[in-house]
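Participant: Next one to model:
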Amino acid sequence: MAKSPDSSNSTPADSGAQKRGLFSRKPKAPKAKKPSRLKQIREVFNMTRRHDPMVPWLMLAVFLGIVAVSFLVGFLLDNWITGLIIGIPLGLLAATFILSRRAERAAFAQIENQPGASGAALGTLRRGWITEEQPVAVNSRTQDAVFRAIGRPGVVLISEGPTHRVKPLLDAERKRLARILPNVTVHVIESGRGEGQVPLNQLARHMGKLKKELTKLEVNAVSKRISSLGNRLPIPKGIDPYKARPSRGR
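Facilitator: Okay, the predicted model is just below:
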């Protein structure tokens, strides 16, 4: 009896490979190697130095100042070695703190005046705030937008754009929230560099100073209440809210 072409060409190795393919686990995809901590610090330092050329000298001055004070105190106590052992780590810690603050300022300077900058600034808020990546109201023509954050002070609306242009968006969203949450305080903050506006790098600090009026449970209840009603202008996932336009039929 003649053998079929498939059976004549098959080998034990091929059959073994088929069995392993059926019953063995799938090979894991190689994980992307994360950059080391030193590499991350170097990248942050280079980014900050491009924006603020004085940051290396400031870090060096702080480091040397703390080490010098520690050495002097140790010398007066007849134990300058201990003074250096304590001063060097403290100097490094202070220099790293200076770098982190200047890096945050440089990062905000890079995104300032760009659409969505206020939403990115909300990412620096501490725990206890519920924020959304997309704006709750946007003018696709002027790219003015309103972002929303929910926390213990209540609901905070953060505008992005000139006061005279973004005011209609703020008023419409504030009236909408007043209808569905009549007993919850709605704060309005205008982000920017104009008069009466809050710069991006001070936005999180400004919101943290607002008076707390809600409990943690009430914050979650307010968030669920707003989410259940949906956005006033729903935007499909994956669509740029700054390019989306409402339907003509509405």
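
Participant: who touches the residue nearest the centre of the chain in this structure?
Facilitator: Central residue of the chain (Cα atoms, centre = their mean): Gly123, 3.1 Å from the mean position. Shown in contact with Gly123 (Cβ atoms under 8 Å, 6 or more residues apart in numbering): Thr131. In this view, the C-beta of every residue, glycine as well, is placed from N, C-alpha and C.

Participant: go on, Val156?
Facilitator: Neighbour list for Val156: 148-150, 186-189, 207, 210 [criterion: Cβ under 8 Å, 6+ apart].

Participant: what about it, distance to Ala178?
Facilitator: Val156 is 14 Å from Ala178, where distance means Cβ to Cβ, to the nearest Å.

Participant: cool, and Ala94?
Facilitator: Distance of Ala94 to Ala178, given as Cβ to Cβ: 47 Å.

Participant: More neighbours: which of those two?
Facilitator: Comparing Ala94 with Ala178 by other Cβ atoms under 10 Å, the one with more neighbours is Ala94, at 16 against 13.

Participant: Let me know the pLDDT of that one.
Facilitator: pLDDT, Ala94: 93.

Participant: Give me the three-state assignment for it.
Facilitator: Classification of Ala94 by DSSP: H, G, I helix; E, B strand; the rest coil places it in helix.

Participant: OK, contacts around it?
Facilitator: Neighbour list for Ala94: 62-63, 66 [criterion: Cβ under 8 Å, 6+ apart].

Participant: go again using 6 Å as the cut-off
Facilitator: Going by Cβ atoms under 6 Å, 6 or more residues apart in numbering, Ala94 touches 62, 66.
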